[in-house]
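K.L.:
what follows is a protein structure lacking sequence information:
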């Protein structure tokens with residue numbers, strides 16, 4: 001039996017499409033950066049190309065091209081198949097991915113520290 005979690009981020013979908021993340025602000029808004037950033041932020045689950053395209057606001061064909069490049073570099077891996085959909089996951093064993101995760105954390109930490117220094121308010125959303 002296969003359980004697909006398609007559409008699991010419907011609530012966040014519009015904010016992902018409309019706002020640049022810190023990673024995007026630093027490295028640009030290219031399709032490659034958008035896909036890498038999506039997987040860095042959502043590395044626990046696996047996703048189809050269609051899911052990724054929908055969540056980051058790109059065409060499936062554009063995402064398909066990026067997936068080919070990232071797969072060749074072992075940045076993402078085909079994890080399983082659910083029906084006709086191939087699901088991919090971030091390859092957390094790849095040394096490049098390990099460094100990207102570390103870099104993403106450093107960027108976020110640096111931004112958080114900057115906000116605290118500037119005495120800006122940080123909005124923390126607590127789960128119910």
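P.N.:
Perfect, I can see it now. As the structure is a prediction and not an experimental result, all values here were calculated from the model. Numbering: from 1, shown residues only.

K.L.:
hey, let's count contacts and neighbours off CA atoms from now on
P.N.:
Will do.

K.L.:
helices of this structure, residue ranges please.
P.N.:
13-18, 22-27, 31-41, 49-56, 60-72, 95-117 (DSSP state H).

K.L.:
which of the ones you listed has the lowest average pLDDT?
P.N.:
Per-stretch mean pLDDT for these is lowest at helix 13-18 (a mean of 46).

K.L.:
what's the burial count for residue 40?
P.N.:
By other C-alpha atoms under 10 Å, 20 other residues sit near residue 40.

K.L.:
state the distance from it to residue 83.
P.N.:
25 Å (C-alpha to C-alpha, to the nearest Å).

K.L.:
before we move on, the earlier item: could you dump the helices of the chain into TSV and include distance to residue 89?
P.N.:
Formatted as TSV, the helices of the chain follow (distance: least, C-alpha to C-alpha, whole Å):
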stretch	distance to residue 89
helix 13-18	18
helix 22-27	19
helix 31-41	7
helix 49-56	11
helix 60-72	10
helix 95-117	11
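
K.L.:
off-centre distance for stretch 62-77?
P.N.:
Its chain's C-alpha centre and that of stretch 62-77 lie 13 Å apart, by C-alpha atoms, centre = their mean, to the nearest Å.
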